[in-house]
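Participant: What would the 3D arrangement of this be:
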Amino acid sequence: MLRRLYIKNYALIEEITVNFDRGLSIITGETGAGKSILLDAISLLIGERASTDFIRHGQSKSIVEAEFDRIPSDSVRSFLKTNNIESEDDTIIIRRELNQKGSSRAFINDSPVQLTLLKQIGEALIDLHGQHEHQSLLHQELHINFLDEYAKLIPERNAYQSEFAEFTKLRSSLEQLVENRAQLAREREFLEFKFQELKSVDPKENEDQENERELLILEHSEELGSLTGELYDDLYESEDSVHSQLGKAKLAFERLKKIDATFIEQEKELLSAIAIISELSHTLSAYHDGVESQPERLAVLRQRQVALTRLKKKYGPTLEHVIATYAELEEQLGDTSSIEEKIDEVGSTLAKQQTKTEQLALKLSSARKRYAKSFEKKIVEELQTLGIENAQFVIDFESQQLSTTGVDRVAFLLSSNKGEDPKPLVKVASGGEVSRIMLALKTVLADGDTIPLMIFDEIDAGISGRIAQRVGKAMKSLTANHQIIAITHLGQIAAFADTHFVVEKSSNGDSTTSVLRKLSDSEHESAIASLISGSVVTDHSLNAARSLVQEASNLVSA
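Facilitator: The predicted model follows:
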């Protein structure tokens, strides 16, 4: 339940801390005292739009904070765990801060969070019903949620939605494949042209560099033959070649070492040089013998380089880019057959998934229609209790394509007068009727609703007397499963309060302040009396207030 509400610098509210109790908390106060401001502040905790206009004059920021004393459901506990938010003693504190720059900050248990997360947990903790705002009844697309909640079909609907999500995923995949096929068909002629251009050359990795090396050799074959022949003669073949001179030197070293042994090591170096010259000479001779003019090969390489250069200019800048483009085009063109296979495969899987999803949707629809009559009957009974004596409440089903909720479009129809056919609730219900219908719904759904706090504003619009007493009793009955806060102008409703608060406005110099004050039992009776007789409480109105409180107590006991 809501244990504490803290509001600072919000409109007429300077700073208040309100401790709430379980049961039914009634809030009363004169028109303009600030009751609506209180609800506007609370609405910030469920993600409503914030305006700097509500920051109290002369202040830099507004703060609204609510503390709940326990985690109300497994889904909320899972939410906290998923978002790494710790909760000491199962306490949840949600806070919204608004500054003059127009930005706001949100916190859950002092952890900063995005506003969307505050909205999610706020709506799981607070069910706020105003005269026309925050009323899901006025959004026809949400009517199906009430029916599913009553029929306890949420697990089945969640299971269906998992299958529907898979169905939509497969459908999107198939649509993308078909689009890819169409796009490929549109581009195929151009792709084929580019592919054939590359295929006709069929470039190989590093081919251009290897060709350049071979071209350089072929283009200088004559020079290579001449130079290697001359080198061979100079080093080995001619009479005064290097090899001949080294041979003479060898003979000299043989005489020298006989005289002085120190020349033995130098002779070894000379012999090594002779061996090197011999090996080099044989290599040059072999190369010289192999050199030949190859005009045909030269022409082929030159043509090949021209072709590769053209491709590099068009698809380059490097041959690696050309080869990558070649491979990519080959893959794209090869997709034609594979994409058809994928389309057939995904199409077959989609058909099976559609059948499975439709079966679950029809099963869900059948269950809804089976529970609809008893739901209608219970709502009518509650509406009659709440003073809409001639109520007709009908759940209208309309078939639709598969959607997140199945194949049903559900609308609540209402007639509150004899002789009138039920019409869409969103068009015919008055503000007071909407509030009472919501109260009837919440009464019927009370067992399964896990939202701990329900707030009703202006639920007494358009009613009085005994009907108001019935509304008060209905709200009191909801306290078996919920904490209820209600703003009212009627003593018959206020008489059912477990706790009574009054909103009061006071002026001090140039400023006006609203406060929320908890009333004692005697003040509770006086406040009800003022609702009956106005600002002047008479003995008659005070006695009437006491009678209302006693009568409310008797009705609750009964």
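
Participant: In the stretch 301-450 of the chain, where is pLDDT below threshold?
Facilitator: Filtered on pLDDT under 70, the stretch 301-450 of the chain yields the residue ranges 335-337, 429-432.

Participant: and if we set it to 80?
Facilitator: The stretch 301-450 of the chain contains residues with pLDDT under 80 at 332-338, 426, 428-435, 446-450.

Participant: the strands in it, which residues?
Facilitator: Under the criterion DSSP state E, counting those that start in this stretch, the stretch 301-450 of the chain contains strands at 392-403, 406-415, 423-424.

Participant: which one of those lies closest to Ile455?
Facilitator: Proximity to Ile455 (C-beta to C-beta) singles out strand 406-415 among the strands of the stretch 301-450 of the chain, at 21.9 Å. Placement of C-beta: from N, CA and C, glycine included.

Participant: Pairing partners for that closest one, with directions?
Facilitator: Partner strands for strand 406-415, per DSSP bridges, with pairing direction: strand 392-403 (antiparallel), strand 423-424 (antiparallel).

Participant: Which helix runs longest in the protein?
Facilitator: Ranked by number of residues, the top helix in the chain under DSSP state H is helix 319-385.

Participant: Report all helices and strands that it contacts.
Facilitator: helix 143-150, helix 154-201, helix 295-315, strand 392-403, strand 406-415, helix 431-444, helix 465-478 (3 or more C-beta pairs under 8 Å, 6 or more residues apart in numbering; DSSP states H and E).

Participant: Mean neighbour count and distance to Lys8 added to those, as a markdown table?
Facilitator: Below are the helices and strands packed on helix 319-385 laid out as a markdown table (neighbours: other C-beta atoms under 10 Å; distance: least, C-beta to C-beta, whole Å):
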| stretch | mean neighbour count | distance to Lys8 |
| --- | --- | --- |
| helix 143-150 | 20 | 35 |
| helix 154-201 | 14 | 38 |
| helix 295-315 | 14 | 68 |
| strand 392-403 | 15 | 43 |
| strand 406-415 | 21 | 40 |
| helix 431-444 | 23 | 30 |
| helix 465-478 | 20 | 29 |
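
Participant: between those, which one is nearest to Thr349?
Facilitator: Once the helices and strands packed on helix 319-385 are compared by C-beta to C-beta, helix 154-201 is nearest, at 5.9 Å.

Participant: That closest one: what's the following helix or strand?
Facilitator: Downstream of helix 154-201, the first helix or strand assigned by DSSP states H and E is helix 207-219.

Participant: tilt between the first helix or strand past that next one going along the chain and helix 207-219?
Facilitator: Using DSSP H and E, the helix or strand that directly follows helix 207-219 along the chain is helix 221-232. Taking axes from the mean of the first three to the mean of the last three C-alpha atoms, to 10 degrees, one finds helix 221-232 and helix 207-219 inclined to each other by 60 degrees.

Participant: and Leu548, how many residues sit next to it?
Facilitator: When neighbours are defined as other C-beta atoms under 10 Å, Leu548 has 25 of them.

Participant: could I get the strands paired with strand 406-415 as a markdown table with distance to Glu219?
Facilitator: A markdown table is the format used below for the strands paired with strand 406-415 (distance: least, C-beta to C-beta, whole Å):
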| stretch | distance to Glu219 |
| --- | --- |
| strand 392-403 | 73 |
| strand 423-424 | 91 |
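
Participant: do you know which of those strands lies nearest Ala529?
Facilitator: Nearest of the strands paired with strand 406-415 (C-beta to C-beta): strand 392-403, 36.5 Å.

Participant: What residues does Phe68 make contact with?
Facilitator: Contacts for Phe68 (C-beta atoms under 8 Å, 6 or more residues apart in numbering) come out as 1-3, 91-94, 125, 452-453.

Participant: if you set the cut-off to 10 Å instead, what comes out?
Facilitator: Contacts for Phe68 (C-beta atoms under 10 Å, 6 or more residues apart in numbering) come out as 1-4, 76, 87, 90-94, 121, 125-126, 452-453, 483.

Participant: cool, Ser365 as well?
Facilitator: Taking C-beta under 10 Å, 6+ apart, we find Ser365 in contact with 397, 399, 405-408, 410.

Participant: any idea how far it is from Ile379?
Facilitator: Using C-beta to C-beta, to the nearest Å, Ser365 is found at 20 Å from Ile379.

Participant: and if you look at Arg188?
Facilitator: Distance, Arg188 to Ile379, using C-beta to C-beta: 62 Å.
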